[in-house]
Structures are given as structure tokens and as C-alpha cells.
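Student: Sequence unavailable; structure follows:
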């Protein structure tokens with residue numbers, strides 16, 4: 001069993017390390033494309049500057065996902081030999097539950113932070129979008145939209161702008177709301193980690209899920225992978241769109 005766990009951990013480490021490398025290679029491709037293109041020199045300089053300023057934010061989701069997936073279980077309590085094993089177990093689980101939430105919150109925030117850089121990239125080809133504009137939002141009080149989405153709603157005949165709006169409704173909106181909730185209200189929660197029997201025997205393990213109770217959204221290990229991939233698909237399409245249009 002120990003060998004199986006170790007192998008699973010090694011495989012996980014390799015998988016998500018490769019994802020970080022892949023993300024970095026994708027960014028390098030954009031760098032090279034711009035430098036070797038026939039783009040006018042001033043525009044080329046502006047585009048290169050924006051990309052370089054975006055680089056840390058670009059890497060962040062893959063790095064945060066790597067940290068989250070490869071942390072495995074951290075033991076922070078110094079449990080004593082004469083301590084009740086059930087009490088020690090509960091302390092360790094409480095700590096690991098908190099760690100699970102911390103990592104997930106940071107993954108979500110890194111994704112949201114990268115999305116907010118889209119306005120600066122699009123400003124190069126659509127000066128009506130301010131370089132300081134965040135991605136924005138659409139709601140009942142602002143049906144015309146805020147930020148990048150305001151421009152996108154006015155130009156829905158543009159396929160890329162339509163894609164931005166669809167992305168907002170399908171997954172970006174919930175990420176922004178979860179991140180705002182953590183920032184202004186309270187942390188996310190952990191659910192499903194333990195299932196205690198009536199006799200308080202050792203619990204059955206259930207895969208842990210981080211829960212946004214305000215939106216009734218569960219962020220499990222598979223969904224956060226998908227959201228991170230969605231994020232890179234979005235930012236890569238944005239950069240390529242800017243390169244094609246500049």
C-alpha cells in the first residue's frame with residue numbers, strides 16, 4: 001500500500017510539473033511569434049512590454065495548481081505518544097482541511113488575477129477598452145456590463161467578443177464571485193472529508209471537496225483542473241487574437 005501511495009504521488013508530481021513546463025513553453029511561443037513577426041516596431045514593443053508584465057500572472061495558475069496537487073498531506077501537529085489517537089487524528093484532519101482550503105483559494109485567485117489582465121492586452125487593438133479595465137461583470141444592476149465585458153456586449157458580432165461573454169457566463173462569473181467572497185466575507189469550506197460512524201469508530205474517507213456555500217458550488221480536484229485549463233485557453237486565445245489583429 002505504501003508503495004502504491006508513493007507511486008501515485010510521484011505520478012501526480014510529474015503530471016503537474018509537466019503542466020507548468022507546458023504553460024511556460026506556450027508563453028515562450030507567443031514571445032517568439034511577436035519578435036519574429038512583421039508587426040510595426042512600436043506596436044511590437046508595446047505588445048512585448050505587456051506580455052513581460054503579464055508573465056508572472058500567466059505562470060501563477062499552473063504553479064498554484066502544482067503546489068495544490070503535490071502538497072500531499074502535511075503534518076503540523078506534534079502529537080504525543082500518550083495522546084488519545086482519535087484526538088490526534090481530529091487535530092491533523094482539521095489542519096489538513098484548512099490547508100486544503102488555503103491552496104484552493106490561492107488557485108482560484110491566481111486564475112481570477114490572470115483573467116483581469118485581459119483588458120491590458122485588448123487595449124492594444126481596441127483602445128476603447130482601458131488598459132486599467134478589469135474583465136468586469138454583468139448583472140441585473142449593470143446589464144450593459146462593466147470593464148471588458150461592456151465592450152464585448154457592444155460588439156457581439158465579433159466572434160472573439162462573443163467567446164468572452166460565453167466564457168463569463170459558463171465559468172468566469174462563479175470564479176470571480178468565489179474570490180470576492182474569500183476577499184470580503186469568509187473562507188471557503190471543506191466538506192466530505194470524513195464520515196464518522198455512530199460509535200465514533202475510525203472514519204471512512206470520502207474525497208474532500210472545497211465548497212463555496214454562498215453559490216452552492218463544489219470545487220473538487222477534477223473541476224479545478226478543468227477551470228485552470230479553461231483559464232489558459234482563454235488567455236492564450238486572447239494573446240493570439242491581439243497578435244492577429246495588431
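Tutor: Noted; the coordinates are in hand. Quick caveat: nothing in here was measured; it's all calculated off a predicted structure. Numbers count the residues shown, from 1 in each chain.

Student: When you work out contacts or count neighbours from here on, use the C-alpha atoms and nothing else.
Tutor: Fine.

Student: For residue 146, list the residues it contacts.
Tutor: By CA atoms under 8 Å, 6 or more residues apart in numbering, the residues touching residue 146 are 135-138.

Student: so can I have a markdown table of these showing neighbour count?
Tutor: Converted to a markdown table, those look like this (neighbours: other CA atoms under 10 Å):
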| residue | neighbour count |
| --- | --- |
| 135 | 24 |
| 136 | 17 |
| 137 | 21 |
| 138 | 18 |
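
Student: The residues you listed in strands, which ones?
Tutor: Among those, no member falls in strands (DSSP state E).

Student: check contacts around the closest residue to residue 217 other than its chain neighbours.
Tutor: Excluding the flanking residues, the one nearest residue 217 by CA to CA, 6 or more residues apart in numbering is residue 211, at 5.9 Å. Counting by CA under 8 Å, 6+ apart, residue 211 touches 188-191, 217-219.

Student: try residue 139
Tutor: Taking CA under 8 Å, 6+ apart as the test, what residue 139 contacts is residue 145.

Student: roughly how far apart are it and residue 173?
Tutor: Counting by CA to CA, to the nearest Å, the gap from residue 139 to residue 173 is 10 Å.

Student: just residue 232 next, same as before
Tutor: Residue 232 is 16 Å from residue 173, by CA to CA.

Student: Look at those two and report which has more neighbours.
Tutor: Taking neighbours as other CA atoms under 10 Å, residue 232 and residue 173 compare with residue 232 leading, 20 against 16.
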